[in-house]
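# Please find the sequence and the predicted model below.
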Amino acid sequence: MPVYFLTNELYFPDPGDALEDGLLALGGDLKRERLLLAYRSGIFPWYAEGSPILWWSPDPRMILYPHAINVSKSLRQLLNRDPFEVHFDTRFGDVIRHCARAERKGQDGTWINEEMIAAYENLHREGYAHSVECYRDGRLSGGLYGLSLGKAFFGESMFYRERDASKVALYHLAQRLRKWNFHFIDAQQETEHLRRVGALPVPRREFLGMLRKALKYETLKGPWTNIDHKPRNHSGRNRTASG
């Protein structure tokens, strides 16, 4: 299969044409319309600084069902102690920048460059991208961000500055998505960490069918900050407690 070269035309090839490693196309841009079309088509951008924009649709696809997240004994004990205050959509820009700076085993550098940051911050302003933040004593200790369309959540990246803070963020995200009857969290590519929390590999064809069903539902746009929860104060600042 060839790798497709994208022009200014708003178009993506069939995800089934991707190479064995999942690479489908290169080029194009990160404008809102193209990014939303990509995710709706089961495609996402992932590329290194200085590289053309690369678009991927791996087979299989790692999926985490919100009702099936695996809570280890140690995480359960941590949740019972409840050391973190968890919020949604309070510091999206800080979360994505922390994700960009996070060191990752086996990776040199980050794919979350300034172009990507600007694109996803725009999606956040438009009400499509969301973040989960964990605080301890007013300090941002960990979190994650991703994209919501229909009843699907596309996880992008997570970080922690304090042990297990990102796991707590993922747990609270899963609980909220479960409450809202989301069908799945797209975890994109397989890692040992994702397997430990309960993510499963799904054949691309099956994933695309699941995605079509999830996209039949209305997208819950806008800040998730105030939904389901009342304002709460910590460290002299008013925020909304979530999760």
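Received the coordinates, thanks.

# The residue nearest the centre of the chain: helix or strand, and which one exactly?
Residue closest to the mean C-alpha point of the chain, counted by CA atoms, centre = their mean, is residue 155 at 1.9 Å. For residue 155, the host element (DSSP states H and E) is strand 152-160.

# low-scoring stretches of the protein, by residue?
104-110, 226-243 (pLDDT under 70).

# For the helix or strand harbouring residue 131, give me every contacting residue.
Take DSSP H and E as the rule and residue 131 turns out to sit in strand 129-136. Residues from elsewhere that reach strand 129-136 (CB atoms under 8 Å, 6 or more residues apart in numbering): 83-92, 94-96, 120-121, 123-124, 140-148, 162, 165-166, 168-170, 172-173, 224, 234, 242-243. All C-beta spots, glycine's among them, are computed from the backbone N, C-alpha and C.

# out of these, which are buried?
84-92, 95-96, 120-121, 123-124, 140-148, 162, 165-166, 168-170, 172-173, 224, 242-243 (16 or more other CB atoms under 10 Å).

# So which of these belong to helices?
Using DSSP state H, the subset of these located in helices is 92, 95-96, 120-121, 123-124, 165-166, 168-170, 172-173.

# Show me the protein divided up by domain.
4-58, 62-240 (automatic domain parsing).

# What strands line up against the strand holding residue 155, and which way round?
Using DSSP bridges, strand 152-160 pairs in its sheet with strand 139-149 (antiparallel), strand 184-188 (parallel).

# returning to what we had before: closest to residue 14 among the ones in helices among the buried ones among the contacts of strand 129-136?
Among those, residue 123 lies closest to residue 14 (CB to CB), at 24.2 Å.

# Could you pull out the buried residues of stretch 170-190?
Those would be 170-174, 176-177, 180, 182-188, for stretch 170-190 by 16+ other CB under 10 Å.

# Now the two most distant members of those residues.
180 and 188 (21.0 Å).

# So which residues of the protein form strands?
4-6, 23-27, 44-45, 54-56, 61-64, 85-88, 129-136, 139-149, 152-160, 184-188, 200-202, 231-234, 237-240 (DSSP state E).

# Residue 213 is nearest to which of the ones you listed?
Residue 213 lies closest, by CB to CB, to one member of the strands of the chain: strand 152-160, at 9.1 Å.

# Just the angle for the closest one relative to strand 129-136, thanks.
30 degrees (axes from the mean of the first three to the mean of the last three CA atoms, to 10 degrees).

# can you start the count at 804 instead of 1 from here on
Yep, numbering from 804; the last one is strand 955-963 now.

# Show residues contacting strand 955-963.
Applying CB under 8 Å, 6+ apart, the contact partners of strand 955-963 are 842, 847, 867, 898-899, 901-902, 904-905, 915, 923, 944-951, 969-970, 972-973, 976, 980, 985-991, 1013-1014, 1017-1018.

# you'd agree residue 1027 is up against residue 890?
No: distance between residue 1027 and residue 890: 9.4 Å, which falls outside the contact criterion (CB atoms under 8 Å).

# Kindly state the beta-bridge partners for the residue lying closest to residue 831 once chain neighbours are set aside.
Spatial nearest neighbour of residue 831, chain neighbours left out: residue 809 (3.5 Å); criterion: CB to CB, 6 or more residues apart in numbering. Beta-bridge pairing for residue 809 (DSSP bridges): residue 830.
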